[in-house]
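Peer 1: Below are the sequence and a predicted model; questions follow.
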Amino acid sequence: MATTKKRLQELRGSDFEMAKGQPNIIGWQVMDGSGHKLGKVQELIIDTSAQRVRYMVVALTDNKVLQIEKRTVMVPIGFAQLHAADDCVLLHGVTPYQLRALPRYDKLHLGARSEMDISNVFGRSFTATQGSHDADAAPGSGFYEHEHFNDKNYMQRPPAGSHSTGLPPRSEQHMPAAQHDTGDIPASHKPYAQQPDDDPESIRRRHEQALRDEEELRRKGLL
């Protein structure tokens, strides 16, 4: 029986090959713009339909200063800037709050739902019609036409000593809330809007509940 090819796949184990001159950053150190060590790049996520790198999988390490716990998350490739001096990836404009709020990486649930949840953390909002019942479908027209997926910084190493990503800084005190009509979609399937009393654990719980509901609908043959 033929195996369905997933749209989003991990680089390792896929048929995708990095273009000549395009660095494979798996294993590279990840740091923020202030020089704090965040972890390492564990994997790259490839969009096989577009033949583009869409995300980094970052294995975060415990950091008491930034209050970040050891966990694995997925970060859009547009936030990555390569530093030529020491083969590390700089994440500018990504706050500790956002890293704490990102859902845990699960390669079995790569698709529109997890992509929108991740983008919500970084301040994007979506209408109900932009969601998809097909877990492997793209999130919607124009989703990747955004600075979060601008791979210019990833494709080209900046000169040593250069630290500008071109991404605007984001304040963790002013995360924009999503404004959209979600109609009759079950609450756990709605792209979440950050509320004033949200905390990272609440955001993660909502994401995990959405995945459980999705699995239940799939078992019932409704997806």
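Peer 2: Sure, I can see it.

Peer 1: okay, CA-based contacts and neighbour counts for the rest of this
Peer 2: Noted.

Peer 1: For the protein, just list every one of the strands.
Peer 2: 8-10, 29-32, 37-47, 52-60, 71-76, 80-83, 88-91 (DSSP state E).

Peer 1: for this structure, which spans come out with low pLDDT?
Peer 2: 1-4, 84, 126-138, 141, 154-218, 220-223 (pLDDT under 70).

Peer 1: Show me the one of the strands of the chain that comes nearest residue 20.
Peer 2: strand 52-60 (13.5 Å; CA to CA).

Peer 1: for that closest one, packing partners?
Peer 2: strand 37-47, strand 71-76 (3 or more CA pairs under 8 Å, 6 or more residues apart in numbering; DSSP states H and E).

Peer 1: any chance of those in TSV, with mean neighbour count and distance to residue 120 too?
Peer 2: Formatted as TSV, the helices and strands packed on strand 52-60 follow (neighbours: other CA atoms under 10 Å; distance: least, CA to CA, whole Å):
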stretch	mean neighbour count	distance to residue 120
strand 37-47	22	19
strand 71-76	22	12
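
Peer 1: Dump those to JSON lines, plus distance to residue 30.
Peer 2: Formatted as JSON lines, those follow (distance: least, CA to CA, whole Å):
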{"stretch": "strand 37-47", "distance to residue 30": "5"}
{"stretch": "strand 71-76", "distance to residue 30": "11"}
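
Peer 1: For residue 118, which of the strands of the chain is the nearest?
Peer 2: Short answer: strand 71-76, nearest of these by CA to CA, at 7.6 Å.

Peer 1: wait, residue 72 sits on residue 104?
Peer 2: Yes - between residue 72 and residue 104 there is a contact under CA atoms under 8 Å: 5.7 Å.

Peer 1: quick one on the thing from earlier: please produce CSV containing the strands of the chain, extended by distance to residue 115.
Peer 2: Below are these laid out as CSV (distance: least, CA to CA, whole Å):
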stretch, distance to residue 115
strand 8-10, 10
strand 29-32, 21
strand 37-47, 12
strand 52-60, 10
strand 71-76, 9
strand 80-83, 17
strand 88-91, 18
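
Peer 1: could you pull out the helices for the chain?
Peer 2: Applying DSSP state H to the chain gives helices spanning 96-101, 112-121, 152-155, 200-219.

Peer 1: by contact count, what packs against the first one?
Peer 2: What it means is helix 96-101. Helix 96-101 packs on helix 200-219, going by 3+ CA pairs under 8 Å, 6+ apart.
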